[in-house]
Structure formats: structure tokens, C-alpha cells
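[1] Just to be clear, the model below is a prediction. Sequence and coordinates:
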Amino acid sequence: MDALPTALITETAHGPRIDAVNDAGIAAGAQAGMMLADARALYPGIQTVPADTAGDLHHLEKLALWCQRWGPWTALDPPDGVLVDITAAAHLFGGEVELLADVGQAFAARGLRIRCAIAPTAGAAWALAHFGPDGAILGPSEDSAHRLANLPVAALRLDQDVLTILRRLGLKRLGDLAAIATGPVDHAEAAARDALHRRFRNRKSPSANPLVRLDQLLGKVQEPLLPMAAHHAPLVQRRLMEPIRHRSLLDQVLADLAGDMARELEARGQGARRLELGLWRVDGETIVRGLELAAATREAGHITRLFASRLDDIEAGFGIETVRLRASWTEPLALSQGDVEEASERQGTSLSACIDRLTVRLGPKAVRRPVPRSSHLPERAQTWQPPLEPEPTSQAVLEFHERPLKLLDKPELISVLYASPDGLPQRFRWRGKVCEVARVEGPERIAPEWWREKSTVRLRDYYRIENTEGQRYWIYRHGIAGDGRGGMPQWYLQGLYS
Amino acid sequence: MTASVCSSGAKALPGFPDPEIGTPDIGVMPRLSAGEIAALSKAREGRWRPGLSDQPWHSEIFASSSDAGGAGLASALARDALRIAGQAADPLAEDEDRRQVLWVQDKGAVQRSGRPYRHGLPPEWRDRLIHVEAASPEDALFALEEGLRCRDLACVIGEITGNPRALDFTASRRLSLAAEKHGVALWLVRLDAEAELSSARMRWRVSSAPSAPARWNAAAPGAPAWKAELFRARSHAPGEWILNNDNGHLRARRAAAPRAANTQDIGDLVRPTVGRSLAAFARM
């Protein structure tokens, strides 16, 4: 297949586009970035395979971890590069030249073709690897600007539109740009430099600003990189000699797994926040049940109990042959005294265990905490979040605003008798009952949030009222008569005072 | 001795022996000092009042869903109980109670009387409330029981609408036992419900009462007040009070006189004495 011209293609809005081509394809005239139709015009017999970008990235991640054999940490440079920090590591291979030779051999053994370079900064190494001679080494004492002056500006890792701008400005080589940006100061150079600075003044992203990229390449500006770190989720599993079909056996296996997981987590000093239980059936089906915990835990009994309520609807079919428990999210948890489960019978459960049990049975939407939100609209002034998360900071409320103890989910329409349309309410009907208003305080006018809502939204005049029986309510008139945003205003009951 | 007990307490509490003290056995303890007798008679008198030290672990409050009086009284009683417990606790403990409060509502309660609103909650509860919205009464009972088993909760407030089949005497007994075992108080508000068999230690029937005049505006509603009837309690005589919440302290006064007394409610100044002796009122 490799002998035939082959292209990897992606479907785009304008038809299939070529992502990559093999050598035979290049010889046939196809290029990466070309439309497939154009390539077919050049060479009708070109083979196509759909590109797998996610797979490529996954492979690159594994490659980056593998590259840690040459340096303590590595960073991804998608789509096809890896940066390795070899600071103070080259002598272990006998020097930088030997290190590059070792890299070449190792990749060749894996059947991968590479271009590599060593330089003091990540930017310079990238430029040399992509546009310099193969196996280039830029020493720390050399003048980077001078060494790299002949490389094209594309070596600065810039966006395509920026490259177009630079090309139109006539800046084709790194040397051209460096001379203007940092060169000797004479009158014309200074004017050109000011013009260039002005041109890219508002570009904050490094890949859109050639001056920042140049500084990064020369090591004048720091360039933080995100290192790859291998992460192994704690995983325990049981392969069963006899496929299980009954719930009691599954419970037993689950209890064993939870015990294993607890030991595994304890050895690492961690607690699980998310657990995934995978069940492999004999007939090839896979069932996965997930669980999120309010706080890190490694109590086997607790995990077993939470999962037990999630296993009721599992179809065992012809039997389950493999059960696997994986903690995909863990947090550090200090070692503590054991035997908590028995203690919980005696002295009660902890808050996080209680929240876990409630959440697993009732769902995460059912167990929440009210937290304030900065808004004057009553129903927007409160929002809900999971109970153990830290509360967001907020402004204090005004003490003289007496708010009701309870707020209805949806304000209920009431019909109100009033002396004048914008006056105090005297009597109203709510849920089929007529209430005589005995006391009233108001209005408290709450204007609509014009920066968020439409211009036709009406304001609200809130009244605290008490009827003759002593029931206290919070009602509002939606709008005022003659505000040009609808007809006569309607009244709503929104809150119940204690 | 027997005569002395009867003269002070017989009228108030003939059928409610206090469980802690028990029925005094005349043959075993023939000699009691005057102070002990006074304490005994006081304990047997058993009138409920705010701020008593023996707070029940499981109370039921029957209220209408058309106002928040039930939830309001539940929170007021719970805060009163927590304040008393905080005073009795050891002085080395933290000043401020930071334990969470669990508020469980079933779906009917959410629909008919709304959700708790943070800005209207008692100030010390605003950042301590965990709300549970249960889809069914069974789930609500589960949440209540799990809450009662949790040692990190200050108290549990429940709101359940009507008389669901799940909330029978067995369920209520489970709640009572869990509350007593783990020492977490439960205040269960029953909205629009009939008072069926239950093991709650104190059972209230509450409705809103006209509030006291507000301080600055006589036409405005003032501090909340409730007409609360204690109709079943294990260690207290039944009674009826007007309770109001005065700056976080629960205050009680006797409700208006029995129906026979055709007098106006004139507040604290004069107590109607129809059908009772002044001495009986002086003890309240």
C-alpha cells in the first residue's frame, strides 16, 4: 500500500481535503492542504484513507512519554512535534551530538522519520528542527539571532494570516525581522521598528505577534510549556472463572474489588472522587456504571453501598466474566484510622458520606445548596450548587430588605383589587381563596436588568402584605399602567413569609 | 408530700408523669426536703415554654401549605433548641455553630409552598443550608433518615405534603429512633395533613397569626407570629400559644382566651382569667 500514492483526507465544508500524503503521493503531485478533487485531477488513481486526528494525538502523547528517556520532561507540540527538556542530561549520552544520534537510531528502530535539533530555547529548537539543517545543534554560547537569521519567518510558529502580513511587508527571513526589531538604531530603522510595534500592538497571543515570538526564540521572554506527566489511574479487576449471573455473587465480587481498591488507594495516600465500574459480559456487551463522590474517600464499605444501589438494573445475560473498578479521578487523602464504617453505626456518618448516599439515590440535582448571585431580581439572586463546594464570594445583602422565607418556583398570577392602578393592593384572590389585605408595605421597585433582558421587560413593584388571618406574602405588580410595555399590569405572588 | 404535689401540679398534669423523675414512690422516699419537693412539683407541672432544656428529638408541625408558617415555626423552634443546646455545651467548644442544616422537601411541598430562599433565611443559617428535593415521600423519608444519622448536621427540617402511605407509624418510629440514637433533632412539617398515628414526641398545629406592629411603620407587617397549638406531647401538657420571633429569640404568650370568653385580644397587658384561677396563670 505504501508504494501507491495515498492521501489521508478530512471531510470539510468544501469537500474532502488532504491532510497528509506519502512519498509516492508527493511524487504524483499531491500536497497536504490540497483539495482531493485537485489531487485527483493530477493523479486519478490516488488512494484515500480518512484521517484520524484523535488517534494521531493519542499516539503523539504516548510518543512524548516515551521521549522522556532523553530528558526529565517533555511537552506536546501538536500536530507532529515533541519538545524535550535535556537540560543537564546530554552528558549522560556522551554529549549533544551523541544524544541526537541516539534519538535518530531509536526513532528509526520504531520506523518513524524525524528531524531533530537542539537549541537553548524551545522556539529556536522548533525553528531549527522545522527549517534548519537536520541534526542542528545551537550551543548556548552562540549568537542565536545570527545563526537563525536565514530561516524563513514561518519558523516563528505564527498563524497563517500573520505570515501573510509579514510577506506583504517584505519581511521574509528572521534576519529581516530581527534587524528591525532589535537592530542598530538609526533614523529609518527606529521608524520602521515603531511602525512594526504599532502594527502588532493589540496582538496579545504569541502566535499572532511575531515580536513576542522573536523574543521567545531569543530567550528574552519566558515561554511556559505544559509538560506531559504519566498518570496511572488505580485499577483493580477480577476475571471470573465461572461467569456470574446472580446479584448476590456480583455483590460479593464488588465488595472484594472495593477492598482491593481501598488498599490500592491507601498505598498511594489517595482517595477516590470518581469511580467507574466496568462489567464485561460473555456475549461481548460492556456495562459501565460511574459514581462521583462528594469528597475523596477510600472506605470499601461506603463504595460498596453506593454501587449496590446502581446495580439493580443490570442485565447479566449469559453471565459476567470480568469486573473492573477504576478510579479515574483521585485526590490526596491523608492516612487515617481505619474501621470507620463500624464507627458510623455507633457515632453517625460524616457529612460527606451522608451527601454521597443522598446524591447516589436522589441524583446530583436533588441535593444542593443555595448560594447568592449578584442580581436584584429575587429569583436570580439565588442559585444552587453542590453542597460541599466552596461558596462564591458575594456582596452582603442590605439588612432592611426583608425577603421571604420561601420563594415559589414560578410566580403565581393573582387578581388584585386596588384603589388606584398604581396604589396599594386591598384584596386579592390566590388559589381560589380571597384574602383581605390588612397590612402592607411597599412598593419596593426592582427594575429589569436591561443589560441582559429585552427592552420590553417590565419593572416590578414588590409589596409585603399581611392578610387579616396573619398570613404574610410577597406580591408584585408587573409593570405600571401606561409604561408602554403592554396593557394593564398583572399581579403575581412570589414569596411566602414565615 | 403527696398533698403538696397534688395541689400544685394535679390540675396541670395528672396523666403525664415525667419520664426522668418517674412516679414518686411514697414508700421508698418518705423524706424529701422542701427544695426537692419544689423541683419535683415544677418538673411535674410540665408546661411547655420556649427555652426548655429538654428539647424533643422528633417533633411534627402540622401547617397549611398556603403560607410558610410551618417552616417558619420549625426553623424558629430549631434555632431555639440549638441555642439552648449551645449554652449547655462545654465552654471550650467553638462559639459559633458551623454545622450544616439539612432541609428536605418532597415534590408537593416544593410545588405548593416553594423552596427556601437564601436571603430570607435566618442570618445564621444562610451559608449552612443543604436543600434536598425528593421526588417522592419515600425518597424524602430516606433523606430524613440519612440526615438524622449524620453526626455533622445541626438539625434536620423536613416538609412532607399530605398523608403518604409511606409515612406510617413504623416510618415515624424509625425517624424517632434514629434521631434519639444520633442526637440530631428532626422538625417535620406536615403540610395539609391529618394528624394520624405518629411517634413524634411533640406535635404542633400551627397557623399564622397577625404580627406585632413593625417598629417604624405601623402599617407594615412586623416580626412573624404564629398561633401554635401543642396538641400532643410526651412530657408537657397541651396548650396553645402565640409565638413570635423576636430578634432570633422565640417568645410565647398565651393565645386568646377560650371561645367562651368574648373578650378582645389585647396583647400582653391583661390576661383573661375566665374559667381559670389567677394562680394557675401565674405559673405559666
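    The structure has been received and is ready for your questions. Treat the numbers as computed from the prediction; the structure is a model and nothing was measured. Residues are numbered from 1 along each chain as shown, chains lettered A, B, ... in the order given.

[2] Distance from stretch A:12-27 to the middle of the chain?
    Averaging C-alpha positions (C-alpha atoms, centre = their mean, to the nearest Å) puts stretch A:12-27 31 Å from its chain's average.

[3] Next: stretch A:91-103.
    For stretch A:91-103, the gap between its own C-alpha mean and the chain's C-alpha mean amounts to 38 Å (C-alpha atoms, centre = their mean).

[4] Can you give the contact residues for it?
    Outside stretch A:91-103, the residues that touch it by C-beta atoms under 8 Å, 6 or more residues apart in numbering or on different chains are A:W70, A:I86, A:A89, A:A90, A:I114, A:C116, A:I118, A:G135, A:I137. The C-beta positions use only the backbone N, C-alpha and C, and glycine is treated the same way.

[5] so who does the fifth one touch?
    Spelled out, that is A:I114. By C-beta under 8 Å, 6+ apart, the residues touching A:I114 are A:V103, A:G104, A:F107.

[6] How about the helix or strand containing the last one, which residues are buried there?
    Assessed by DSSP states H and E, A:F107 sits inside helix A:96-109. Judged by neighbour count using 16 or more other C-beta atoms under 10 Å in any protein chain shown, the buried positions of helix A:96-109 are A:E96, A:L99, A:L100, A:V103, A:G104, A:F107.

[7] now stretch A:406-416
    In terms of neighbour count (16+ other C-beta under 10 Å), stretch A:406-416 has its buried residues at A:K406, A:L407, A:L408, A:P411, A:I414, A:V416.

[8] tell me the SS of B:A78?
    Three states are possible here, and by DSSP: H, G, I helix; E, B strand; the rest coil the one that applies to B:A78 is helix.

[9] do you know how far it is from chain A?
    Here the criterion is C-beta to the nearest C-beta, to the nearest Å. By it, B:A78 lies 12 Å from chain A.

[10] B:L186 is in contact with that residue, correct?
    No - taking C-beta atoms under 8 Å as the definition, B:A78 is not a contact partner of B:L186, at 9.4 Å.

[11] of those two, who's got more company?
    Comparing B:A78 with B:L186 by neighbour count (other C-beta atoms under 10 Å in any protein chain shown), the higher total belongs to B:L186, at 29 against 22.

[12] does the more buried one count as helix, strand or coil?
    Three-state call for B:L186 (three-state DSSP): strand.

[13] what do you get for A:K365?
    Following three-state DSSP, the label given to A:K365 is coil.

[14] Next, it: phi, psi?
    Note on A:K365: its backbone torsions stand at phi -80, psi -20 [degrees, to the nearest 10].

[15] Check the contact between B:L102 and B:R149; I expect there is one.
    No - taking contacts as C-beta under 8 Å, B:L102 lies outside contact range of B:R149: 11.0 Å.

[16] picking up where we left off before, what's the average pLDDT for the helix holding A:F107?
    Taken as a whole, helix A:96-109 has an average pLDDT of 92.

[17] between B:A78 and B:L186, what contacts are shared?
    Taking C-beta under 8 Å, 6+ apart as the contact criterion, the residues that touch both B:A78 and B:L186 are B:C155, B:I157.

[18] Tell me where chain B has strands.
    Taking DSSP state E as the test, the strands found in chain B are B:58-63, B:100-106, B:115-116, B:129-134, B:153-161, B:185-191, B:202-209, B:225-233, B:239-246, B:249-254.

[19] Dump those to TSV, plus distance to chain A and mean pLDDT.
    Shown next, in TSV, are the strands of chain B (distance: least, C-beta to the nearest C-beta, whole Å; pLDDT from 0 to 100):
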stretch	distance to chain A	mean pLDDT
strand B:58-63	11	95
strand B:100-106	6	95
strand B:115-116	6	94
strand B:129-134	5	95
strand B:153-161	7	94
strand B:185-191	11	95
strand B:202-209	4	93
strand B:225-233	7	91
strand B:239-246	8	88
strand B:249-254	12	84
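
[20] which stretch among the ones you listed comes nearest A:A353?
    With C-beta to C-beta, the closest approach to A:A353 among the strands of chain B belongs to strand B:153-161: 11.8 Å.

[21] Each with direction, which strands does the closest one pair with?
    Counting by DSSP bridges, the strands paired with strand B:153-161 are strand B:100-106 (parallel), strand B:185-191 (parallel).

[22] so which of those strands gets nearest A:V323?
    Comparison of those against A:V323 by C-beta to C-beta identifies strand B:100-106 as nearest, at 34.4 Å.

[23] And the contacts of the closest one?
    A:351, A:387, B:78, B:115-116, B:125, B:128-137, B:139-140, B:143-144, B:147, B:150, B:152-161, B:164.

[24] distance between that strand and the chain's centre?
    17 Å.

[25] okay, the angle between it and strand B:129-134?
    Our comparison of strand B:100-106 with strand B:129-134, counting by axes from the mean of the first three to the mean of the last three C-alpha atoms, to 10 degrees, yields an angle of 20 degrees.

[26] Take strand B:100-106, keep the C-alpha atoms, and write them as PDB.
    Taking Å, rounded to 0.1, in the frame of the first residue of the first chain, the C-alpha atoms of strand B:100-106 are listed here in PDB:
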ATOM      1  CA  GLN B 100     -25.000  22.300  58.400                       C
ATOM      2  CA  VAL B 101     -28.700  22.200  58.400                       C
ATOM      3  CA  LEU B 102     -30.500  19.800  56.100                       C
ATOM      4  CA  TRP B 103     -33.800  20.800  54.700                       C
ATOM      5  CA  VAL B 104     -35.700  18.100  52.900                       C
ATOM      6  CA  GLN B 105     -38.800  18.800  50.800                       C
ATOM      7  CA  ASP B 106     -40.900  16.400  48.800                       C
END
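
[27] Quick check: pLDDT value at A:E331.
    Reading off the model, A:E331 has pLDDT 89.

[28] what does the model give the nearest residue to A:S394 once chain neighbours are set aside for pLDDT?
    Of all residues beyond its chain neighbours, the one nearest A:S394 is A:P372 (4.2 Å), with distances taken as C-beta to C-beta, 6 or more residues apart in numbering or on different chains. Turning to A:P372, the model gives it a pLDDT of 92.

[29] Which residues are in contact with A:P372?
    A:A381, A:Q382, A:T383, A:P392, A:S394, A:V397, B:R118, B:H119.

[30] phi, psi of it?
    Per-residue torsions, A:P372: phi -80, psi 150 (degrees, to the nearest 10).

[31] what is it paired to in the beta sheet?
    Beta-bridge pairing of A:P372 under DSSP bridges involves A:Q382.
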